[in-house]
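Undergrad: Please work out how this folds:
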Amino acid sequence: MNNLLNIKTPAEAAAQVRKADYNLSNNGIGNLRLAYWNLPTEALVEEAIFRNEGALVAGGPFVANTGKHTARSANDKFVVRHTDSENNIWWGVYNRPFAADKFEVLYDRMLGFLQGRDVFVQDVYGGADESYRLPVRIVTELAWHSHFVRNMFILPQSLEEYKRFVPEFTIIAMPSFKGAPAVDSTNSETFICLSFEKKLAIIGNTAYAGEIKKSVFTILNYLLPLEGVLSMHCSANVNPDNADDVALFFGLSGTGKTTLSADPTRRLIGDDEHGWSDNGVFNFEGGCYAKVIGLSESAEPEIYATTKRFGTILENVPFDTVTRLIDLDDDTITENTRASYPLEFIDNAVPEKKAGHPKNVILLTCDASGVMPPIARLTPNQALYQFISGYTSKIAGTEVGLGKEPEITFSACFGGPFMVHHPYKYAELLKNKIERYGVTCWLVNTGWVGGPYGVGKRISIRYTRALLNAALNGKLDDVKFAHDPIFGFEVPTQCPDVPDEVLNPASSWHDQKEYDRRYKDLAMRFKQNFGKFEVGTPQEVIDAGPNVGTN
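TA: Numbering: from 1, shown residues only. Alright, predicted model coming up:
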């Protein structure tokens, strides 16, 4: 906020109490009206209401409207090209190069924009494992963004820790600041620019809070593999009676990572981003960022309960201005409505946000073609092939430019937009860990059955949960499996609480020839997509792909 009238705000008296000795001048930031340092949630909500950034709704959540951008702006993300890091980076559609001198000009203009303004500062950690956690300073224009940061990351535990905090990376998010493409060489007025050399990320012209969250993830995806730690776009939960019975759920937004990991019979480690080191699995975050469109109390009671609680941020969720009741079925603003809340809001969450090594790895795909089986067991090489491929369907709203209909896509490592190294860098780390810890791998389809989108219907979450419970509890160990002639994986023919016909997607299609045609067409898409990864990928992984020669 540009507080030209120098109006005293609710938290002004406490703004400097948690100020770190290592201050903003180290990033060239100066001549501010006031920096609000590490305010608690209650103070940030007061500031956000005072600044007309949103509203409180029934039960106490804060509702924010992000304006033009209601999803990630993938085409506006850049990585600064520099001699020290450029050989590690997988340059291309996800990691677009940005000139170092242009970054300097853009950042200088942003520093000028900050003159005389209020900012909010949060000093947090990315990573629950102290051996690998990243101290990050996040400077925001909006008070509710600072609240979001407190929800989503791991907080220092004392005033002394705040005073001594020294960031290894700084992120500055200014939604009111616009890039000038003709001057800055940005793609549009919106930009997300990361410089690994300057340990700095800058975000402009978007209030979508997911850009802050994913910037931290992208940074960790660069740094941790260099230390031999696998960074993963996955949720994770653990058997409450066995810390080494961890399950990982890889998948893009909308495939069920958050929903399926919030299992009342298991304990939640985290819903989106994790590392896997020699110590085990650890959450990168301190909170969850769940899609809530169409959320129901009966299907997802743990997540639903957070939408009625103070401390939760609801992004772009419509509400009645008289009753203050929210409408989770209303997609008039976006289908990508979100809830941000601390992990502690889930009753069975693991307080330490870490556990032992996985026993099962689940690759989630949302198949809009309606031909993939609801669950299949993979060999390690098949798992790597599927992991590198990252087949799914983008769900409406998760990225700028998506329409109502799901869009078939391949996203490397089930998180291509956030992967900085070549996909096989992550796959090789995954392979080593699968082999070392004897992990069982599964492919689970949370998409359509009985036909493609528009013809068939989406798989019942009740059946998906039953299939997963059977896989994680060993109930599929002794059932008969059928060999898939095209993809080669093994499909169970029986599962407790799931009709046999559900396990065989072909049986629910009215036209068997059309099913076969679409299945082979999908297999060819896999092979065509994987062609760009073949250089540098071992032959046994390439050979684990689909066989469409004589089938």
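
Undergrad: show me what contacts Ser508?
TA: 449-451, 456, 501-502 (CB atoms under 8 Å, 6 or more residues apart in numbering). Yep, even glycine has a C-beta here, placed from its N, CA and C like the rest.

Undergrad: Please identify, among these, the one with the most neighbours.
TA: Val449 (24 neighbours; other CB atoms under 10 Å).

Undergrad: so that residue makes contact with Lys457?
TA: Yes - the pair Val449 and Lys457 passes the contact test of CB atoms under 8 Å, sitting 6.6 Å apart.

Undergrad: picking that back up, need the contacts of Ser508 in CSV with pLDDT, distance to Ala14 and secondary structure, can you?
TA: Putting the contacts of Ser508 into CSV (pLDDT from 0 to 100; distance: CB to CB, whole Å; DSSP: H, G, I helix; E, B strand; the rest coil) gives the following:
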residue, pLDDT, distance to Ala14, secondary structure
Val449, 87, 55, strand
Gly450, 85, 58, coil
Gly451, 88, 58, coil
Gly456, 87, 56, coil
Glu501, 86, 62, helix
Val502, 89, 56, helix
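
Undergrad: Tabulate the residues you listed (a markdown table), appending distance to Ala71.
TA: Listed next are the contacts of Ser508 as a markdown table, based on distance: CB to CB, whole Å:
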| residue | distance to Ala71 |
| --- | --- |
| Val449 | 27 |
| Gly450 | 29 |
| Gly451 | 27 |
| Gly456 | 26 |
| Glu501 | 36 |
| Val502 | 32 |
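
Undergrad: Closest to Thr41 out of the residues you listed?
TA: Val449 (42.2 Å; CB to CB).

Undergrad: Tell me who's in contact with the closest one.
TA: Contacts of Val449 (CB under 8 Å, 6+ apart): 370, 374, 456-459, 502, 505, 508.

Undergrad: I'd like to know which of those residues is nearest to Glu435.
TA: Comparing these against Glu435 with CB to CB places Pro374 closest, at 26.8 Å.

Undergrad: What average pLDDT does the top helix by length along the chain get?
TA: Across the chain, the longest stretch assigned as helix under DSSP state H is helix 512-530. Mean pLDDT, helix 512-530: 95.

Undergrad: Number the residues from 649 up from this point.
TA: Yes, from this point I'll number from 649; that puts the last item at helix 1160-1178.

Undergrad: Not counting its own residues, what contacts the helix or strand that comes right after it?
TA: Using DSSP states H and E, the helix or strand that follows helix 1160-1178 in sequence is helix 1187-1190. Residues outside helix 1187-1190 that contact it (CB under 8 Å, 6+ apart) are 1029, 1032-1033, 1036, 1075, 1178, 1182.

Undergrad: repeat that for 7 Å
TA: Here helix 1187-1190 makes contact (CB atoms under 7 Å, 6 or more residues apart in numbering) with 1029, 1032-1033, 1182.

Undergrad: The residues you listed in helices, which ones?
TA: Per DSSP H, the subset of these in helices is 1029, 1032-1033.

Undergrad: Can you say which of these are buried?
TA: Those of the ones in helices among the contacts of helix 1187-1190 that meet the buried threshold are 1029, 1032-1033, by 16 or more other CB atoms under 10 Å.

Undergrad: for those residues, which one is nearest Asn799?
TA: Leu1032 (34.1 Å).

Undergrad: Would you enumerate the residues in contact with the closest one?
TA: Contacts of Leu1032 (CB under 7 Å, 6+ apart): 1075, 1078-1079, 1189.

Undergrad: if we go to 10 Å?
TA: Applying CB atoms under 10 Å, 6 or more residues apart in numbering, one finds that Leu1032 lies in contact with 1026, 1071-1072, 1074-1076, 1078-1079, 1082, 1089, 1185-1186, 1188-1190, 1192.

Undergrad: Local confidence estimate at Leu653?
TA: pLDDT, Leu653: 69.

Undergrad: Could you give the number of residues near the closest residue to Thr907 other than its chain neighbours?
TA: Closest residue in space to Thr907, ignoring its immediate chain neighbours: Glu948 at 5.8 Å, by CB to CB, 6 or more residues apart in numbering. By other CB under 10 Å, the residues close to Glu948 number 19.

Undergrad: now swap in the one 10 residues further on and tell me
TA: Other residues near Phe958 number 12, with proximity taken as other CB under 10 Å.

Undergrad: Likewise for Asn674?
TA: Counted with other CB under 10 Å, Asn674 comes out at 12.

Undergrad: Make sure Val797 is actually in contact with Gln770.
TA: Yes - contact criterion CB atoms under 10 Å: Val797 and Gln770 qualify, at 4.3 Å.

Undergrad: what's the distance between Glu1083 and Asp919?
TA: According to CB to CB, to the nearest Å, Glu1083 stands 27 Å off from Asp919.

Undergrad: So for those two, which sits in the more crowded spot?
TA: Neighbour tally, Glu1083 and Asp919, criterion other CB under 10 Å: the higher count belongs to Asp919, 27 against 10.
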